[in-house]
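Student: give the three-dimensional model of this entry:
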Amino acid sequence: MIKDKKFEMQKKLKNFTAKPDPSKGIIKPFRNDDPNTYLVNQKETLLAWDVVLKSAHNDIKKGDYSGISKVKKILNDDYKKSGGEWMNDEEKKLIKKDKPKKVFGPVKIDINLDITKSRLNLEKIRAELDFLKKF
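Tutor: Residues are numbered from 1 along each chain as shown. Predicted coordinates:
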């Protein structure tokens, strides 16, 4: 009797749980009976390369540049072999092989160079201010 109820509950849970959205990454839909779906237990798994990059960046903050120089050497060797086909933008920036962003040309600003009107307006404003200061 108890087994039948458990079986029915599991069947209902399977029917009503939504499939995980791949755009959200590692987040699985929450189910109370499964500890793997708790948000606390869902942690990002890091690749070894990500750990090496993070430790190299942390070493830079401490003043040790040997780790980042090794990473740059590895990236340069890989860039020579594959042409940076599999590198992301951050890795290409490290070895200064990233493509420069589009440079915008000079922007033309249409300036009204009617100096006489500007000077007359400025003189009027100064005259009004002087007049108001007298009082």
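
Student: low-confidence regions, the protein specifically.
Tutor: Scanning the chain for pLDDT under 70 picks out 1-26, 43-45, 110-117.

Student: for it, which segments count as strands?
Tutor: Counting by DSSP state E, the chain has no strands at all.

Student: quick check on residue 84: phi, psi?
Tutor: Backbone torsions of residue 84, given as degrees, to the nearest 10, read phi 70, psi 30.

Student: helices of this structure, residue ranges please.
Tutor: 2-16, 48-62, 66-82, 89-94, 115-134 (DSSP state H).

Student: distance check, the most centrally placed residue in the chain against residue 84.
Tutor: For the chain, the residue sitting closest to the mean C-alpha position, by CA atoms, centre = their mean, is residue 90 at 10.7 Å. From residue 90 across to residue 84, the span is 12 Å (CB to CB, to the nearest Å). (Glycine included, C-beta is placed from N, CA and C.)

Student: got a list of what the closest residue to residue 66 other than its chain neighbours touches?
Tutor: Setting aside the residues directly before and after it, residue 66 is nearest to residue 59 in space (CB to CB, 6 or more residues apart in numbering), at 7.3 Å. Contact partners of residue 59, counting by CB atoms under 8 Å, 6 or more residues apart in numbering, are 65-68.

Student: what number of residues lie near residue 107?
Tutor: 5 (other CB atoms under 10 Å).

Student: not counting sequence-adjacent ones, nearest residue to residue 71?
Tutor: residue 56 (4.9 Å).

Student: can you name the residues that contact the one you found?
Tutor: 67-68, 70-71.
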